[in-house]
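Q: Mind folding the following:
(chains A and B)
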Amino acid sequence: MTLLVGAFTMGLVLSLLALGVLISFRILTFRDLTVDGSITLGGSMAAILIVNGVNPWLATAAACLAGAAAGATTGVLATRCGINGLLAGILVMTALYSVNLRVMGRANLPLPEHTIVEQAASLASPGASWSIGRWDLPVQDVLVDVTMAGIIALVGAAMYAFFRTNLGLAMRAVGDNEQMIRALGVDTGWMTTFGLALSNALVALAGALLVQYQGFADVQMGIGMVVWGFASVIIGESLVGSRQVGLLIVGAVMGSILFRLLVAIALRWGLNANDLKLVTALFVFAALVLPNVLGKLQAQRSRKL
Amino acid sequence: MSWENYKHKGPGNCKDGRPRLNFMLNIHDIAKTFHPGTANEVRALQGVDLTIDDGSFVIVIGTNGSGKSTLLNAVAGSFLVDRGRIELRGRDVTRWPEHRRAQLIGRVFQNPFAGTAPSMTVAENLAMAGKRGQVRGLGRALSSSMKATFHDDIRHMGLGLEGRLDNAIGSLSGGQRQSITLLMATLRKPDLLLLDEHTAALDPKSADQVIRLTDEVIRRDRLTTLMVTHSMHQAAHLGDRLIMMVRGRVLHDIRGVEKQRLTPEDLLARFEEVRRAELLDETAAEMLRRQYV
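A: Model (predicted):
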């Protein structure tokens, strides 16, 4: 049970990563690899500020801004300097590795007590628990989850509202039909840069909350995170079965949680933790390729008929 | 050529012969070469002069590769020209990027999928078009009163699409999408409407429908229009002026009564002339090659 609660909370926190990836990967159709670096940037910024006694909410907000700057850098490289989008992301991600080490001053930084997570947990006494059937649910864990869910609900609602504004509509159109929206007067380069800034701000937010949840920041924590994000978004899409923005947002959150739970169960059944990234990559590979293969099979079948 | 004509005959000249601002579009000696200095070098525009009156509906025809689509794209700003000047409503837009020119220009493309965002709804597409060239802020994109207006606009087109405002536009047929694109291009009255063979990819029935709508909206709003077409029928029956392009230049410029009398057969005859002239050029070149190489 503790295992599942932990996985659920991780899924919740990382659903912000999934929402960030949703913006770049699905809305802008930009394969943004900055994510691996910007989630660590968010984590290390939040960590160093909290260690130095800054209010954890302020530290988290600062982490978001740093993530936005990282995303905007990728956007400028890709749209103004004419560098391939994948390469621009890799460049910024690589640069961020050094930046993150500079920010933290070392590779691993434990966090003190005064974090958002501890604040939420301290509302209940450490031993308190609710029993549901034969399971005991620690109240502190519930409080942490409720706080995280609250943050995600706010972010999700803000995203939903944003994508229904004039600016948000234009951003969606950049990913849907770039030529069309340029002919309607939108500077698509600027819009892409703005979208990547938003996306990486959310990713950094996920990083900031993640380090506060796990109690430390690590310079390696971002490796493979972008693939986790892809996996969550893809699972979410199949869960909601729609490309409507509101449902995509809900789907990404659900996908992130479900994926974490599945992983926790797989680990429990004996999956070697070292193989996790391989399995994740294979899963995303299958999810990207299978629809094409199935489509071809279907086309062949209909040709025979 | 057209510039000189206007100096003498044009209705709106100042005393010193310079045009007044009732010219909507003024193109002066523009040229564009793609892939210069390579084996794929294409000299798409080789010095085009063109002046278009406010409210004029100009048909552009020409053989394949004559530069007619390139001309439209040069005006729209899809690329910057190598030399020359483009003025729209008296403003020099030669160096303006494409998205900035969109303030003044509405466009419909040849590919019916190019003008709309497929995964967004019909209403959302129209809402975006309603903001063409304007600052897009955090205001709500769609209100119920806007939807009501769009509903009426679409009903007036008579295509039976008014019930599909909330459907993804990708679920519509090519002809329906092209009709919506036309509505989008003209939702905010553009200073210049650019139609780039916008019926070429449609079946004959849809093409007729889109042409009917095109003619209606251009007449109703007195839109200054540049329309490229392959159809001799459209070229002969639409518009009040016709230019024929050959090899990146304007070869014929037909207007007024002469344009009104023009038949598809006349146009085919002119194409035949061009073809003969080009054949002649080729045989002459071949002869020279044999003699000197």
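Q: From here on, just use CA atoms for contacts and neighbour counts.
A: Noted.
Q: Distance check, residue B:106 against residue B:213.
A: Plainly put, residue B:106 is 15 Å away from residue B:213 if you go by C-alpha to C-alpha, to the nearest Å.
Q: Those two: which has the busier surroundings?
A: Between residue B:106 and residue B:213, counted using other C-alpha atoms under 10 Å in any protein chain shown, the more crowded position is residue B:106 (30 against 18).
Q: Figure out the helix or strand that that one lives in.
A: strand B:105-108 (DSSP states H and E).
Q: any bit of the next helix or strand after that strand sitting next to chain A?
A: Later in the chain than strand B:105-108, the nearest helix or strand by DSSP H and E is helix B:122-130. Yes. Using C-alpha under 8 Å from any C-alpha of the partner chain, helix B:122-130 comes into contact with chain A via B:124, B:127, B:128, B:129.
Q: Using CSV, list the CA coordinates for helix B:122-130.
A: C-alpha atoms of helix B:122-130 as CSV (Å, rounded to 0.1, in the frame of the first residue of the first chain):
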residue,chain,number,x,y,z
VAL,B,122,-14.9,25.6,-37.5
ALA,B,123,-15.8,28.3,-34.9
GLU,B,124,-12.2,28.4,-33.5
ASN,B,125,-10.8,28.7,-37.0
LEU,B,126,-13.2,31.6,-37.8
ALA,B,127,-12.3,33.3,-34.4
MET,B,128,-8.6,33.2,-35.3
ALA,B,129,-9.4,34.6,-38.7
GLY,B,130,-11.4,37.4,-37.0
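Q: That helix: how far from the chain's middle?
A: 21 Å (C-alpha atoms, centre = their mean, to the nearest Å).
Q: what number of residues lie near residue A:50?
A: 22.
Q: How about residue A:113?
A: The local packing of residue A:113 (other C-alpha under 10 Å) involves 13 other residues.
Q: now residue B:64
A: 12.
Q: Assign it to helix, strand or coil.
A: coil (DSSP: H, G, I helix; E, B strand; the rest coil).
Q: Mind pulling up the pLDDT for the nearest residue to residue B:121 once chain neighbours are set aside?
A: Spatial nearest neighbour of residue B:121, excluding adjacent residues (C-alpha to C-alpha, 6 or more residues apart in numbering or on different chains): residue B:168 at 4.0 Å. Listed pLDDT for residue B:168 reads 94.
Q: and if you look at residue A:302?
A: Value listed for residue A:302 in the pLDDT field: 76.
Q: Over to residue B:41?
A: 91.
Q: Secondary structure element holding residue A:60?
A: With DSSP H and E as criterion, residue A:60 is part of helix A:56-79.
Q: any idea of the angle the very next helix or strand once past that helix forms with helix A:56-79?
A: Sequence-wise, the next helix or strand downstream of helix A:56-79 (DSSP H and E) is helix A:85-104. Angle, helix A:85-104 to helix A:56-79, by axes from the mean of the first three to the mean of the last three C-alpha atoms, to 10 degrees: 150 degrees.
Q: And the helices in chain A, which stretches?
A: Assigned by DSSP state H, chain A shows helices spanning A:2-21, A:35-51, A:56-79, A:85-104, A:116-121, A:139-162, A:166-176, A:178-183, A:188-214, A:225-240, A:245-268, A:276-304.
Q: hey, which of the ones you listed is tucked in deepest?
A: Most buried of the helices of chain A, by mean neighbour count (mean count of other C-alpha atoms under 10 Å in any protein chain shown): helix A:35-51, with a mean of 31.
Q: for it, packing partners?
A: Helix A:35-51 sits against helix A:56-79, helix A:85-104, strand A:108-110, helix A:188-214, strand A:216-218, helix A:225-240, with contacts defined as 3 or more C-alpha pairs under 8 Å, 6 or more residues apart in numbering or on different chains; DSSP states H and E.
Q: Tell me how many other residues surround the closest residue to chain B within the stretch 1-150 of chain A.
A: Relative to chain B, the nearest point of the stretch 1-150 of chain A is residue A:27 (10.5 Å; C-alpha to the nearest C-alpha). Residue A:27 has 21 neighbours, counted by other C-alpha under 10 Å.
Q: need the residues of the stretch 51-200 of chain B near chain A, please.
A: So the stretch 51-200 of chain B meets chain A at B:98-103, B:106-107, B:114-120, B:124, B:127-129, B:131-134, B:136-142 (C-alpha under 8 Å from any C-alpha).
Q: Could I have the buried ones of those residues as PyMOL selection syntax?
A: To isolate the buried ones among these in PyMOL, judged by 16 or more other C-alpha atoms under 10 Å in any protein chain shown, type:
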select buried, chain B and resi 98+99+100+101+102+103+106+107+114+115+116+117+118+119+120+124+127+128+129+131+132+133+136+141+142
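Q: how about low-confidence regions in the stretch 201-305 of chain A?
A: Scanning the stretch 201-305 of chain A for pLDDT under 70 picks out A:304-305.
Q: try 50
A: For the stretch 201-305 of chain A, no stretch is flagged by pLDDT under 50.
Q: So which bits of it are right by chain B?
A: Within reach of chain B by C-alpha under 8 Å from any C-alpha, the stretch 201-305 of chain A has these residues: residue A:243.
Q: residue in the stretch 201-305 of chain A nearest to chain B?
A: residue A:243 (7.7 Å).
Q: List phi and psi for that residue.
A: Dihedral pair for residue A:243: phi -110, psi 10, per degrees, to the nearest 10.
Q: what about it, neighbour count?
A: Around residue A:243 there are 16 residues (other C-alpha under 10 Å).
Q: What sits closest to it if chain neighbours are left out?
A: Nearest non-adjacent residue to residue A:243, counting by C-alpha to C-alpha, 6+ apart: residue A:237, 7.2 Å away.
Q: what sits against that neighbour?
A: A:243, A:248, A:251, A:252, A:255 (C-alpha atoms under 8 Å, 6 or more residues apart in numbering or on different chains).
Q: how about these, which pair is most distant?
A: A:243 and A:255 (14.3 Å; C-alpha to C-alpha).
Q: What segments of chain B are strands?
A: Along chain B, the segments classed as strands by DSSP state E run B:23-34, B:42-53, B:57-62, B:83-88, B:91-92, B:105-108, B:192-196, B:225-228, B:241-246, B:249-255.
Q: looking at the ones you listed, which is closest to residue A:53?
A: Short answer: strand B:105-108, nearest of the strands of chain B by C-alpha to C-alpha, at 55.6 Å.
Q: mean confidence for that closest one?
A: Averaging pLDDT along strand B:105-108 gives 96.
Q: what helices or strands is it leaning on?
A: helix B:174-187, strand B:192-196.
Q: Distance from the chain centre to it, please.
A: The answer for strand B:105-108 is 8 Å, by C-alpha atoms, centre = their mean.
Q: and it, which strands flank it?
A: The strands beside strand B:105-108 in its sheet (DSSP bridges) come out as strand B:192-196 (parallel).
Q: contacting residues for residue 128?
A: Picking chain A for this. A:138, A:139, A:140.
Q: Oops, wrong one, chain B.
A: Contacts of residue B:128 by C-alpha under 8 Å, 6+ apart are A:166, A:169, A:170, A:184, B:141.
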